[in-house]
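Q: Following is a predicted model, sequence given first.
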Amino acid sequence: MARRIGRRLFLQGAGGVVLGLPVLASLEPRGFAGGPTGPKRFLAVLSCSGQINKQWYPIHTPPGYQLTDAVFAGQGNCPNRPCKQEGTTFLNKSLPEDSRYKYAALTDFKTDTGISTILNESLNPFLEKMTLLRGVDFLSTVGHSGGSSYLGNYSDSTSASVQAACAPTATIDEVMAYSDKVYPQQAAMRALHFSCGWQDAGSATNYGIPGGPVELVNGYQDPLTVWQKLFMDLMPDTGTPKVDPNLSFLNAVYEDYHRLAKSPRLGAHDLQLLDRHIGFLSDIESRIKGFHPAECTPPGEPPSINAWHLLTDPDQLAKAMGLMIDLSVAAVICDLTRVVTIHVTNALQDGDGTWQTSLHNSADVPSDWHHYAHDAFGSASSMDNLVALNRWITTEVYARLLAQLDVPEGIDGSTFLDNSLVVWGNELSLSHYNITMPTVLAGGLRGSVKTNRYIDYCDWQNGEGNPIEHGILIPGLPHNRFLVTCMQAMGLTPADYEQGGVPGYASQEIVDPPNGWDSTWWDLPHIGDPLPGVLTP
């Protein structure tokens, strides 16, 4: 004989379980990935020749802030110049996680022209979703590289001593690409690598084989090739209206409750409880009906544009870069890949009044990107062109990427940007050193990363400033910890990337540090830990 469920037990069960549930994951349509448990994505923009601190970091003083010039006036024993006065804004609030390091709300520095010369107004709409890092140092003076040093392959260096000391290492994007934490199921493309200028993708891989040989990755340089691989055979949306399966679930529950509401045995208290739950259902239904996620729409066939370094037409270069970004975002939205790198070694500048291409060439060819970086403090024209190059990347590459990702994904209100980590890093820092590597992040990776933060790991109180031509170098924390931070944010654990029982990731050799710095300044005992203040508990 069937067991009869009592009225009160049914109400308690329905109210406490059925209505207490969020929209069921098993009923989610393809592409629905809101909340903390959907896919995470990692995208990296890589550029060349470093940044000048006073251009990359804030140099204005909102209420409550001072420049380093005022904070450290008269301090230090550096010959003929101050040790720590270099014109950027000093942060004065200690990180709760580690009081040695300082932080601020990134939006504190928002102005009509952006937070800095390079991080300009095109990023203003995203500041609450961004994190700016200062004081992230390579342990070895890598110098120039093919770009993969920033993502962990420090052996990719022009320095013979670094090449000899630092073992080739798969970059973190490729570690993610071969992780079943990132791809529980087979991916259409484990990692999408674009390069504009050099062929190097800023990436190195061992194809997921621990201890296997590492080789540099070449990036796609023609958008058409990527379209043919990923989208040519993908059927376009027919435009047929789709009924969200979650609504079918709600309709079934509505029917049960309306039936129950007609029962003559239903008391006033239970009817109140029932009405409350129906109101809760109505709210969920309204959210579902009002939710319009970005659809997987295969992009149209692009023209063939080879972005190899011989591409000198500014219009064609801008078009090629735009298509690379468009295809990257489409591949992410369609969940064809969750790992993307875009290596920019050919960019546009208009410092002389007209748009021109500028290839980065380490042979220092006159009027190229590398030449501008060397000549910037001896030539106003070179400085203007160097600034223009980096501002173009800010606006036309990084901000464009963020804007296209900042479209609805989850019913919780999250966007693809909220559920991704989008990094912009450089192969070099100030004056061709590898100290204080320029680093900015965007996206919260489903709540894994704290946002609206500017964090400074420089040891301003104890570290001895090393004056150089355009500023100062002060030790911070190992870049290795940035690599760990990114991988842990993507859901990997130390067991997924550590090798030989050594904490952390990538080479920890110290080769040619500035002025023979004492390695204890880098807090090496914690090299296996993520950077403080970035990840949520």
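A: That came in fine, so what should we check first?

Q: so what's residue 142 up against?
A: Shown in contact with residue 142 (CB atoms under 8 Å, 6 or more residues apart in numbering): 149, 154, 156, 157, 158, 159, 162, 434. Where C-beta positions appear, they are placed from N, C-alpha and C, glycine not excepted.

Q: so the fourth one makes contact with residue 164?
A: It refers to residue 157. No: between residue 157 and residue 164 there is no contact under CB atoms under 8 Å: 10.0 Å.

Q: Out of the two, name the residue with the larger neighbour count.
A: Higher neighbour count among residue 157 and residue 164: residue 157, with 26 against 12, using other CB atoms under 10 Å.

Q: Model confidence for the closest residue to the more buried one other than its chain neighbours, exactly?
A: Spatially, and ignoring its direct neighbours in sequence, residue 157 is nearest to residue 142 (4.2 Å; CB to CB, 6 or more residues apart in numbering). Per-residue pLDDT puts residue 142 at 92.

Q: And residue 377, by the same measure?
A: 88.

Q: tell me which element residue 440 falls in.
A: Using DSSP states H and E, residue 440 maps to strand 439-442.

Q: Averaged pLDDT, that strand. What do you get?
A: Mean pLDDT, strand 439-442: 98.

Q: which regions of this structure lie under the pLDDT threshold?
A: 1-36, 75-82, 235-262, 266, 271, 274-275, 277-293, 462-467, 469-470 (pLDDT under 70).

Q: Would you map out the domains in this protein?
A: 36-60+101-237+302-526, 245-290 (automatic domain parsing).

Q: Redo those domains as TSV? Include distance to residue 535.
A: Putting those into TSV (distance: least, CB to CB, whole Å) gives the following:
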stretch	distance to residue 535
domain 36-60+101-237+302-526	6
domain 245-290	29
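
Q: looking at those, which is buried most?
A: Comparing the domains of the chain by mean neighbour count (mean count of other CB atoms under 10 Å), domain 36-60+101-237+302-526 comes out on top with a mean of 20.

Q: returning to that earlier point: take the contacts of residue 142 and keep only those in helices.
A: Under the assignment DSSP state H, the contacts of residue 142 contribute residue 162 to helices.

Q: could you dump the contacts of residue 142 to CSV with distance to residue 193?
A: Listed next are these as CSV, based on distance: CB to CB, whole Å:
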residue, distance to residue 193
149, 16
154, 19
156, 14
157, 20
158, 22
159, 25
162, 24
434, 23
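
Q: How about the contacts made by the closest residue to residue 510 other than its chain neighbours?
A: Spatial nearest neighbour of residue 510, chain neighbours left out: residue 139 (4.8 Å); criterion: CB to CB, 6+ apart. Residues in contact with residue 139 (CB under 8 Å, 6+ apart) are 154, 478, 479, 480, 507, 508, 509, 510, 511, 513, 519, 522.

Q: The fifth one against residue 149, yeah?
A: It refers to residue 507. No: contact criterion CB under 8 Å: residue 507 and residue 149 do not qualify, at 10.1 Å.

Q: Can you list phi and psi of residue 155 for me?
A: For residue 155, the backbone dihedrals (degrees, to the nearest 10) come out as phi -70, psi -10.

Q: from what I can see it touches residue 168, true?
A: Yes: contact criterion CB under 8 Å: residue 155 and residue 168 qualify, at 4.6 Å.

Q: before we move on, which element is the residue nearest the centre of the chain in?
A: Centroid check for the chain by CA atoms, centre = their mean gives residue 422 as the closest residue, at 2.0 Å. Assessed by DSSP H and E, residue 422 sits inside strand 420-426.

Q: could you say what helices and strands that strand packs with?
A: If contacts are counted by 3 or more CB pairs under 8 Å, 6 or more residues apart in numbering; DSSP states H and E, strand 420-426 sits against strand 41-47, helix 399-405, strand 439-442, helix 479-489.

Q: quick one, what contacts residue 479?
A: 136, 137, 138, 139, 434, 437.

Q: Tell me the secondary structure at residue 204.
A: The three-state label given to residue 204 by DSSP: H, G, I helix; E, B strand; the rest coil is strand.

Q: swap that for residue 217, sorry
A: With three-state DSSP as the basis, the three-state label of residue 217 is strand.

Q: thought it was touching residue 205?
A: Yes: under the criterion of CB under 8 Å, residue 217 is in contact with residue 205, at a separation of 5.5 Å.

Q: Next, show the common contact partners of the two.
A: Taking CB under 8 Å, 6+ apart as the criterion, residue 217 and residue 205 both touch residue 174.

Q: Following the chain past the strand holding residue 440, name the next helix or strand.
A: Downstream of strand 439-442, the first helix or strand assigned by DSSP H and E is strand 453-456.

Q: just how off-centre is that next one within its chain?
A: How far strand 453-456 lies from its chain's middle: 15 Å, per CA atoms, centre = their mean, to the nearest Å.

Q: Do a quick rundown of the helices in this protein.
A: Assigned by DSSP H, the helices in the chain fall at 7-13, 53-56, 68-71, 160-165, 172-177, 223-230, 245-261, 268-289, 314-333, 369-375, 380-393, 399-405, 479-489, 494-497.

Q: ok, and what's touching the last one?
A: Identification of contacts with helix 494-497 by CB under 8 Å, 6+ apart yields 172, 175, 179, 181, 484, 487, 503, 505, 528.

Q: and what of the fourth one?
A: For helix 160-165, contacts defined as CB under 8 Å, 6+ apart pick out 140, 141, 142, 143, 154, 155, 157, 507, 509, 511, 512.

Q: quick check, nearest of the contacts of residue 479 to residue 361?
A: Checking the contacts of residue 479 against residue 361 with CB to CB, the nearest one is residue 434 at 19.7 Å.

Q: which residues touch the residue nearest to the closest one when sequence neighbours are not counted?
A: Residue nearest to residue 434 in three dimensions, not counting chain neighbours: residue 138, with 3.6 Å by CB to CB, 6+ apart. Going by CB under 8 Å, 6+ apart, residue 138 touches 149, 154, 434, 435, 437, 478, 479.

Q: now with 7 Å?
A: For residue 138, the contacting residues are 154, 434, 437, 479, by CB atoms under 7 Å, 6 or more residues apart in numbering.

Q: one step back: now tabulate the contacts of residue 479 in a markdown table and tack on distance to residue 358.
A: Output for these, formatted as a markdown table (distance: CB to CB, whole Å):
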| residue | distance to residue 358 |
| --- | --- |
| 136 | 26 |
| 137 | 27 |
| 138 | 25 |
| 139 | 31 |
| 434 | 22 |
| 437 | 22 |
